[in-house]
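S.K.: generate a structure from the sequence data that follows.
(2 chains)
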Amino acid sequence: MLPLLGVAIVVLGFAARINPLLVVMGAAIVSGLAGGLDLTGVLSAFGKAFNENRYISVVWLILPAIGALERAGLQQRVRELIAGLRAMTVFRLLTLYFLIRQGGAALGFASLGSAATLVRPLVAPMAEATAEARLGPLPKQVSEQIRAQAAATDNVAVFFGEDIFVAIGSILLIKGFLEQNRIIVEPLQLSVWAIPTAVMAFAVHASRLYFFDRQLSRQAGVPGKKKARA
Amino acid sequence: MIGLGTVYVLAGAVFAAVAVLSASDRSNPKRWANGSFWGLFAVSFLLGDRLGNLGNGVLVLMMVVIVGVRGLGLGRPATTSEDQRRVLSREFGNRLFLAALTIPGITLLGSFALKVIIIGGEPLFDPGQTTLISFALSAVVAVFVARIGFRQPVIAALQEGRRLIDMVGWAALLPQMLAALGAVFALAGVGNAVGSLAAQAIPMDSRFAAVAAYTVGMALFTAIMGNAFAAFPVMTAGIGLPLIVMKFGGNPAIMSAIGMLSGFCGTLTTPMAANFNLVPPALLGLEDRYAVIKAQIPTAIVVLLVNTVLMYALVFRF
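M.R.: Okay, here's the model as predicted:
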């Protein structure tokens, strides 16, 4: 049970909002020591895995390109484009984006987008501009909520879409694990059973977006109504 | 053959440029901290395979110490103002929008097209890594599109890249560190300890209790580990196979598919899944580090309940 100390450090560290890099390093050292490694052993194991996982950080390679396009006015263009669509609402925009992103993930294109390539340059400014076009200038707190909701929509759509694709990592992991336990399943058998959850996740998140949008209108609408009455 | 190594050299070069630009930014009081942090990131990409395991471990430790002791500052390279950007956006129009879409476009095309380029009987690009290679390619192409189409010098692109990576700050290192933590946890036997704990703690003498223990267990364990892939083998070996499949005769394909998706509900709620949950708030400049998690938790809880009901309704029927 001693290695679980590392888990405890992670939970407490995040709860206490200590810098996560320190928390992770501390948890690794404690868990490793409790698991019978010495300090150099822990550092070596950590360094080896860190080096093998460099591909995770390749995503930052895109930032100069995104930044250069933003410097040339990308976000302003995106805002104007979307503000011109009178019928657009935050609910409709993010629901439409959910469908595109979930559908794309189901066809195997989950890794085409990310917070850096889609949400920051395109989806978040679109959502903000849509709200502004209808409700006027937004308080900082509200515009942060909208941006957070754009990122959340991206995550939920991908998470509950990608498993419909037969060659995604999680499906292959399941197949391999069951095979080790002498249960043979075809990837298609697995991905088909991801569909009910995918449909329900869309229904759940779309309804939440609907109420989120109504709440936005209410927040902005209350002073408007007062003005009309006066 | 062009493979991950080439991509790492490119990433190393970009981080090295960011490090030099950071260190020479006098407006940032912590310019040496930023310079050495991004510089060490560059070293990892350029020389990681030659440093040895302990060397890499010491490198990470140094990066963590820089953040812990000094903290990173925010570089503020000169950029265009909001008004200038509005003028530029009118001039360039929807071409800007198209340029942004070339990034996923090239990644998509390249992930297929690079596989079929064969020179002298050998594939030119590592067939297993074409998505990552095309992604790097799209990053380079987009910088040149900005140079040629929108008059943005390459050095300005690097400075803008530095502005954005400084916004992300230490969180840029977190996803990779968490992956390494997962490896150390596995080595120390954390997964098995949690799994045996879960199997002991929960009485599972009814079908519904077994299903609920499995789905909720997947979500909780995933939230702790930050990754459903780490939770799946442990929970499925501990609860799923012995109870749902062996004892109650459930369908293993349905159980596994919905079980994995229950794990994903846990992923939506945890700071341990940093690349999904902590990096976006940093990139979007949100004050609340947990804003995206807060936006996701209600969906995660409802979908987890739905998954539990779905599994109970389907797994014993097919």
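
S.K.: go through chain B and flag its longest helix.
M.R.: Longest helix in chain B by number of residues (criterion: DSSP state H): helix B:31-69.

S.K.: C-terminal to that one, what's the next element?
M.R.: helix B:82-92 (DSSP states H and E).

S.K.: break chain A down into its structural domains.
M.R.: Following automatic domain parsing, chain A resolves into domains at A:4-52, A:62-221.

S.K.: export the ones you listed to a markdown table and tack on mean neighbour count and distance to residue B:12?
M.R.: Just so you know, the C-beta spots here come from the backbone N, C-alpha and C atoms, and that holds for glycine as well. As requested, the domains of chain A are arranged in a markdown table below (neighbours: other CB atoms under 10 Å in any protein chain shown; distance: least, CB to CB, whole Å):
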| stretch | mean neighbour count | distance to residue B:12 |
| --- | --- | --- |
| domain A:4-52 | 20 | 13 |
| domain A:62-221 | 20 | 14 |
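
S.K.: now mean pLDDT and distance to chain B too, for those, in a markdown table please.
M.R.: Output for those, formatted as a markdown table (pLDDT from 0 to 100; distance: least, CB to the nearest CB, whole Å):
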| stretch | mean pLDDT | distance to chain B |
| --- | --- | --- |
| domain A:4-52 | 91 | 3 |
| domain A:62-221 | 91 | 2 |
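
S.K.: nearest to residue B:315, of these?
M.R.: Set against residue B:315 and scored by CB to CB, these come closest in domain A:62-221, at 9.1 Å.

S.K.: distance from that closest one to the middle of the chain?
M.R.: 8 Å (CA atoms, centre = their mean, to the nearest Å).

S.K.: alpha carbons of stretch B:295-308, as CSV, please.
M.R.: Taking C-alpha atoms only, stretch B:295-308 is exported to CSV below (Å, rounded to 0.1, in the frame of the first residue of the first chain):
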residue,chain,number,x,y,z
ALA,B,295,-17.5,23.7,-17.2
GLN,B,296,-17.1,19.9,-17.8
ILE,B,297,-18.0,18.4,-14.5
PRO,B,298,-21.8,18.4,-14.9
THR,B,299,-21.6,16.8,-18.3
ALA,B,300,-19.2,14.2,-16.9
ILE,B,301,-21.4,13.2,-14.0
VAL,B,302,-24.6,12.9,-16.1
VAL,B,303,-22.8,10.9,-18.8
LEU,B,304,-21.3,8.6,-16.1
LEU,B,305,-24.8,7.9,-14.8
VAL,B,306,-26.0,7.3,-18.3
ASN,B,307,-23.1,4.9,-18.9
THR,B,308,-23.9,3.0,-15.8
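
S.K.: so does that stretch get close to chain A?
M.R.: Yes. Contact between stretch B:295-308 and chain A, assessed by CB under 8 Å from any CB of the partner chain, occurs at B:295-296, B:298-299, B:302-303, B:306-307.

S.K.: now stretch B:113-130: buried residues?
M.R.: For stretch B:113-130, a neighbour-count test (16 or more other CB atoms under 10 Å in any protein chain shown) marks B:114, B:123, B:125-126, B:129-130 as buried.

S.K.: pull the most distant pair out of the residues you listed.
M.R.: Greatest spacing in those, by CB to CB: B:123 and B:129 (10.7 Å).

S.K.: what helix or strand is the most centrally placed residue in chain A on?
M.R.: Residue closest to the average C-alpha location in chain A (CA atoms, centre = their mean): residue A:155, at 3.0 Å. For residue A:155, the element it lies in under DSSP H and E is helix A:140-159.

S.K.: for the residue nearest to the centre of chain A, give me its contacts.
M.R.: Residues in contact with residue A:155, defined by CB atoms under 8 Å, 6 or more residues apart in numbering or on different chains, are B:268, B:276-277, B:280, B:292, B:296.

S.K.: returning to that earlier point: pLDDT (mean, whole number) over the longest helix of chain B?
M.R.: The average pLDDT within helix B:31-69 is 96.

S.K.: quick one: that helix to chain centroid distance?
M.R.: On the basis of CA atoms, centre = their mean, helix B:31-69 sits 19 Å off its chain's mean C-alpha point.

S.K.: which residues are in contact with residue 138?
M.R.: I'll assume chain A. By CB under 8 Å, 6+ apart, the residues touching residue A:138 are A:128, A:131-132, A:146, A:220.

S.K.: hmm, no, I was thinking of chain B.
M.R.: Contact analysis of residue B:138 by CB under 8 Å, 6+ apart lists A:62, A:65, B:102-107, B:110.

S.K.: where neighbours are concerned, which of those residues has the most?
M.R.: Counting neighbours by other CB atoms under 10 Å in any protein chain shown, the top entry in the contacts of residue B:138 is residue A:65, with 29 neighbours.

S.K.: before we move on, back to that, next, format the contacts of residue A:138 as a markdown table and append secondary structure.
M.R.: Below are the contacts of residue A:138 laid out as a markdown table (DSSP: H, G, I helix; E, B strand; the rest coil):
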| residue | secondary structure |
| --- | --- |
| A:128 | helix |
| A:131 | helix |
| A:132 | helix |
| A:146 | helix |
| A:220 | helix |
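
S.K.: residues in contact with residue 153?
M.R.: All of this is about chain A. For residue A:153, the contacting residues are A:94, A:97-98, A:101, A:123, A:205, A:209, by CB under 8 Å, 6+ apart.

S.K.: that's the wrong chain, I wanted chain B
M.R.: By CB under 8 Å, 6+ apart, the contact set of residue B:153 is residue B:147.

S.K.: could you do the one 3 residues further on as well?
M.R.: Residue B:156 sits next to A:68, A:71 when contact means CB under 8 Å, 6+ apart.

S.K.: could you pull out the strands in the stretch 51-200 of chain B for me?
M.R.: For the stretch 51-200 of chain B, applying DSSP state E, counting those that start in this stretch gives strands covering B:118-119, B:122-123.

S.K.: pairing partners for the last one, with directions?
M.R.: The sheet places strand B:122-123 alongside strand B:118-119 (antiparallel), with pairing taken from DSSP bridges.

S.K.: what does the strand it pairs with contact?
M.R.: residue B:124.

S.K.: hang on, the earlier thing: so which of the contacts of residue A:155 are in helices?
M.R.: Residues of the contacts of residue A:155 located in helices (DSSP H): B:276-277, B:280, B:292, B:296.

S.K.: of all these, which two lie farthest apart?
M.R.: Within those, two members stand farthest from each other by CB to CB: B:280 and B:296, at 10.5 Å.

S.K.: neighbour count: these two, which is higher?
M.R.: residue B:280 (30 against 27).

S.K.: I figured that one was touching residue B:290, is that so?
M.R.: No. Counting by CB atoms under 8 Å, residue B:290 is not a contact partner of residue B:280; they are 11.2 Å apart.

S.K.: which residues do these two both contact?
M.R.: Residues touching both residue B:280 and residue B:290 by CB under 8 Å, 6+ apart: none at all.

S.K.: with the contacts of residue A:155 in mind, which one is nearest to residue A:115?
M.R.: Of all these, residue B:280 has the smallest distance to residue A:115: 3.9 Å, by CB to CB.

S.K.: OK, contacts around the closest one?
M.R.: Residues counted as contacts of residue B:280 (CB under 8 Å, 6+ apart) are A:115, A:119-120, A:148, A:151, A:154-155, B:292.

S.K.: which two in the residues you listed are spaced the farthest apart?
M.R.: Maximum distance among the contacts of residue B:280 (CB to CB): 13.8 Å, for A:120 and A:155.
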